[in-house]
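[1] Whatever this is, show me its structure:
(chains A and B)
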There are 2 protein chains.
Amino acid sequence: MTDPQAGVLLTDLYELTMLQAYYDRGMNDLAVFEFFSRKLPRERSFLMAAGLEQVIDYLSGLRFTFEDIKYLESTGRFSAAFLKSLEDLSFTGDVYAMPEGTLFFRDEPILRVVAPLREAQLVESRIVNLLHFQTVVASKAARCVLAAPETLLIDFGMRRAHGAEAGLLSARASYIAGFSGTATVLAGMRFGIPVFGTMAHSFVQAHESEAQAFENFARSHPANATLLIDTYDTVEAARKVVALAVQLEKEGIAIKGVRIDSGDLGQYARQVRHVLDEGGMRGITIFASSGLDEYALRDLMAAGAPIDGFGVGTRMNTSADAPFLDCAYKLVEYAGRPKRKRSEGKATWPGRKQVFRRFDAEGRIAGDALTVEGDAQEGVPLIEPVMVAGERLKPSPTVAALRNRAREQLASLPERLRAIERSESLTPAVSEHLHALAAQADAETERAG
Amino acid sequence: MTDPQAGVLLTDLYELTMLQAYYDRGMNDLAVFEFFSRKLPRERSFLMAAGLEQVIDYLSGLRFTFEDIKYLESTGRFSAAFLKSLEDLSFTGDVYAMPEGTLFFRDEPILRVVAPLREAQLVESRIVNLLHFQTVVASKAARCVLAAPETLLIDFGMRRAHGAEAGLLSARASYIAGFSGTATVLAGMRFGIPVFGTMAHSFVQAHESEAQAFENFARSHPANATLLIDTYDTVEAARKVVALAVQLEKEGIAIKGVRIDSGDLGQYARQVRHVLDEGGMRGITIFASSGLDEYALRDLMAAGAPIDGFGVGTRMNTSADAPFLDCAYKLVEYAGRPKRKRSEGKATWPGRKQVFRRFDAEGRIAGDALTVEGDAQEGVPLIEPVMVAGERLKPSPTVAALRNRAREQLASLPERLRAIERSESLTPAVSEHLHALAAQADAETERAG
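    This next block holds a predicted model:
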């Protein structure tokens, strides 16, 4: 469901230079890595986990091809024996994760890999690449959903998403987060996401007149035509739509909607609504697009703009106000011993962790606890097994099922975490067990010098 | 060289709904579309064109598969006759473009497609997707090169690039813009870009001690080891590197460099340089990474930090301060007649255009002129034919050749356009011919009503 040509060499060279050294010393004990965000962007009060399904696909298919090994050989950096060992490498480990659509906060792992050191290390770069991007987009899209609840939101941003996979997977992530569909045809084909489409300005321009363009489009899509009305004069175009709708009604052709893609969307929507209603066309919906994000949606909703649906593109697909996360895939245990990094400003919690979430009487999040696996805390544990010994535990969930989960998750957000302008986030309480494990890891590091 | 599975359905649904209407009316005259940026981001004084090679690949391979057509049929939006017509569709048009690596400014097209309407329309979404992203990254990377000229800059950002293709193509775009290489192995394999790699914190942590980790890595990479020294105590680790280097020297093993990945990079670099020099290890280089971009590079260079090379990642690969461009692929001519859109704030120039660039006595850009094709202006024309009748005109240039072109282009930037903090950009002078053509297009639109 992602780029099948990307393969195992879509990785950082250092994964392989480390593997060579591990091979030389015979180091391949069980390693545990966890993926988490050290700190949320200033603009985010929560994150929504996404991308797990693609990680499982990737791990399931992990193999070096003959060409891969040939290329590595050509770099002159690797021994023949090591390259030979790669021929049989596949992923044989266990994976634990929060289901996609789960809300999470700083320091809370959403994925844990337990595998022989070389396998667990090799997969770092692509795992981060997959989880980071979809989580970035799902989190951004969830904010749009909070800003315009119960409103038709369509992903319009493939063209300015960062490449093919970003276009495809941002359609998936935004649908899980609560969008109603996407304009990206391939996302419809691969994931079963509903696809939506209208027309471009070029369609109007290619015709002799705007009226002719509208009529031709409506005749070709008699049940499903949304006409773009801002190529020349938006309000004038709305009048042409009314005239056309009156005429086509006699033939049993209904115009579904109009789209406005420039100018003051709220103001144009009011003028256009007035023209449509005056013309007896209350059933024609108004769809708006052009530089939208959660901030613009909030303002349009607050102003009561008569807009029935929004095409949300570039700023959502690139998460323009926070295009990346401070996140990492970190070694937390090796050969049975807890590990953590203490780099300045980048210290992490050691060991296999679990997150417990408590809820108030209304079902809103009351607080999270971060602890070591096996230490029961009050609340619901969020991390569950998803792969054992390299095999997927359950069939892939549908995007519709993940979207339902995300909807429940968003419903559990307390008021203070729903604001579009971030006031605060949530920091998990760190258990005594985890503090003790960190002290143990530090003491072992000190002893080793 | 991009995702071969993306295919023709990596497009917006509206391209296909428009094609259905064009098919129904038999509209397929010659159409001309151009790709350009309406307005540069506030943070950019120039853009660098990139992505043309992938566009040519895409157009050369444009085909609908049986599965593609089956899926479209399943949506119920298309007629059987139209779907049948897609079976034979391929790209038969001409393409004109600025070579990759060329600097360009607002309103200047970097690509022109001349093809039967349906072909020219269908390819819009993916052409924008490919040109937009690589241009965004090349422009960002070029700013890093200007901030740290003649310095080793390595792309480190695949993991937080937006998906697989973004990781792969940002390695390409940054290399063209003047980076020295990438950590992304697949980019080395597919494009012949030099690959670089060091080690991760997990490598140090997986060992009993930091000193043992350093020794093991150096022994496995006797000519090429860069040791990561900030896992615990950076300066202390530098002392361990000296001790190890003295010991390994006797065996003919040289340590190449150290990497610092956290804290105040300039200050640590000075302390580490001092430790290395005191220990007689002047030959060991210092490499720095962690949240770098052109702003941080400029500050580190200005402070005279003794850093020999930089890993530049996330902020470059996502172009974090300007993750998208206001750009479009617009119809400028249909059936021999000039076209333009007049939407509020989005008006465009009609017709097939050429850009002429004038230079001063020092070879610096003196000004650009935007005019209609065939109207000779002073200076050098920037747009040239690259495909004729669906066929590529010249063999693919190597990334090294494109990198050389980009270097020459950057050398032609006048002082006022080189500043990292944008003071101004350049606006092309619009020729009389082009003004006249715009008036003609408007008059025709008025007449048609």
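[2] Any stretches of chain A with poor pLDDT?
    A:1-5, A:449 (pLDDT under 70).
[3] Can you tell me which residue is spatially central in it?
    With distances taken as Cα atoms, centre = their mean, A:Q134 lies nearest the centre of chain A, 2.6 Å away.
[4] need the contact list for that one.
    Counting by Cβ atoms under 8 Å, 6 or more residues apart in numbering or on different chains, A:Q134 makes contact with A:50-51, A:54, A:100, A:169-170, A:172-173. Quick note: C-beta positions are derived from backbone N, CA and C, even for glycine.
[5] how does it look with 10 Å?
    By Cβ atoms under 10 Å, 6 or more residues apart in numbering or on different chains, the contact set of A:Q134 is A:48-55, A:100, A:166, A:169-170, A:172-174, A:176-177, B:162-163.
[6] And it, how close does it get to A:A147?
    Separation of A:Q134 from A:A147 (Cβ to Cβ, to the nearest Å): 20 Å.
[7] which residue ranges form the helices in the stretch 51-200 of chain A?
    A:52-60, A:66-74, A:80-86, A:117-122, A:124-147, A:164-177, A:185-191 (DSSP state H, counting those that start in this stretch).
[8] So which of these is the most surrounded?
    Neighbour counts (mean count of other Cβ atoms under 10 Å in any protein chain shown) averaged over each of those peak at helix A:164-177, with a mean of 31.
[9] Put together a markdown table for the helices of the stretch 51-200 of chain A, with distance to B:S319 on each row.
    Putting these into a markdown table (distance: least, Cβ to Cβ, whole Å) gives the following:
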| stretch | distance to B:S319 |
| --- | --- |
| helix A:52-60 | 23 |
| helix A:66-74 | 29 |
| helix A:80-86 | 34 |
| helix A:117-122 | 28 |
| helix A:124-147 | 14 |
| helix A:164-177 | 13 |
| helix A:185-191 | 24 |
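[10] Okay, domains of chain A per the record?
    Taking automatic domain parsing as the criterion, chain A consists of the domains A:13-138+A:324-448, A:140-317.
[11] Most tightly packed of those domains?
    Most buried of the domains of chain A, by mean neighbour count (mean count of other Cβ under 10 Å): domain A:140-317, with a mean of 22.
[12] Centre of the chain to that domain, how far?
    In terms of Cα atoms, centre = their mean, to the nearest Å, the centre of domain A:140-317 is found 23 Å from the chain centre.
[13] Just the endpoints, please. Distance across it?
    One end of domain A:140-317 to the other measures 8 Å (Cα to Cα, to the nearest Å).
[14] same for the helix or strand that contains A:E236, what does it pack against?
    Secondary-structure assignment from DSSP states H and E places A:E236 in helix A:234-249. Judged by 3 or more Cβ pairs under 10 Å, 6 or more residues apart in numbering or on different chains; DSSP states H and E, helix A:234-249 is in contact with helix A:210-220, strand A:225-228, strand A:255-260, helix A:265-278.
[15] can we see that at 8 Å?
    Helices and strands touching helix A:234-249, by 3 or more Cβ pairs under 8 Å, 6 or more residues apart in numbering or on different chains; DSSP states H and E, are helix A:210-220, strand A:255-260, helix A:265-278.
[16] C-alpha coordinates for that helix, PDB please?
    In PDB, the C-alpha atoms belonging to helix A:234-249 read as follows (Å, rounded to 0.1, in the frame of the first residue of the first chain):
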ATOM      1  CA  THR A 234     -18.400  34.800  -8.900                       C
ATOM      2  CA  VAL A 235     -21.800  36.300  -8.300                       C
ATOM      3  CA  GLU A 236     -22.500  36.700 -12.000                       C
ATOM      4  CA  ALA A 237     -21.600  33.000 -12.400                       C
ATOM      5  CA  ALA A 238     -24.100  32.100  -9.700                       C
ATOM      6  CA  ARG A 239     -26.800  33.800 -11.700                       C
ATOM      7  CA  LYS A 240     -25.800  31.700 -14.700                       C
ATOM      8  CA  VAL A 241     -26.000  28.500 -12.600                       C
ATOM      9  CA  VAL A 242     -29.600  29.400 -11.600                       C
ATOM     10  CA  ALA A 243     -30.600  30.000 -15.200                       C
ATOM     11  CA  LEU A 244     -29.000  26.700 -16.200                       C
ATOM     12  CA  ALA A 245     -30.600  24.800 -13.300                       C
ATOM     13  CA  VAL A 246     -34.000  26.100 -14.200                       C
ATOM     14  CA  GLN A 247     -33.500  25.000 -17.800                       C
ATOM     15  CA  LEU A 248     -32.000  21.600 -17.000                       C
ATOM     16  CA  GLU A 249     -34.600  20.800 -14.300                       C
END
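[17] Can you list the neighbours in contact with that helix?
    Here helix A:234-249 has contacts from A:210-211, A:214-215, A:218-219, A:227, A:229-231, A:254-255, A:258, A:260, A:262-263, A:268, A:271-272, A:275-276, A:278-281, A:284, B:344, using Cβ under 8 Å, 6+ apart.
[18] do the same with stretch A:298-312
    Contacts to stretch A:298-312, defined as Cβ under 8 Å, 6+ apart, come from residues A:141, A:144, A:147-148, A:151-157, A:174, A:179-180, A:183, A:196, A:257, A:259, A:265-266, A:269-270, A:273, A:285-289, A:292-293, A:297, A:420.
[19] Just want the angle from the helix holding A:E236 to strand A:255-260.
    170 degrees (axes from the mean of the first three to the mean of the last three Cα atoms, to 10 degrees).
[20] can you pull out the strands in the stretch 251-400 of chain A?
    For the stretch 251-400 of chain A, strands defined by DSSP state E, counting those that start in this stretch occupy the ranges A:255-260, A:285-289, A:309-312, A:326-334, A:337-338, A:353-359, A:365-372, A:380-381, A:384-388, A:391-392.
[21] any idea of the angle the helix holding A:E236 forms with strand A:285-289?
    Using the same axes, to 10 degrees: helix A:234-249 against strand A:285-289 is 140 degrees.
[22] coming back round to it: could the helices and strands packed on helix A:234-249 go into JSON lines alongside distance to chain B?
    Output for those, formatted as JSON lines (distance: least, Cβ to the nearest Cβ, whole Å):
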{"stretch": "helix A:210-220", "distance to chain B": "4"}
{"stretch": "strand A:255-260", "distance to chain B": "10"}
{"stretch": "helix A:265-278", "distance to chain B": "9"}
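[23] JSON lines for these, including distance to A:E34?
    Converted to JSON lines, the helices and strands packed on helix A:234-249 look like this (distance: least, Cβ to Cβ, whole Å):
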{"stretch": "helix A:210-220", "distance to A:E34": "52"}
{"stretch": "strand A:255-260", "distance to A:E34": "45"}
{"stretch": "helix A:265-278", "distance to A:E34": "43"}
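[24] and of the ones you listed, who's closest to B:V8?
    With Cβ to Cβ, the closest approach to B:V8 among those belongs to helix A:210-220: 20.1 Å.
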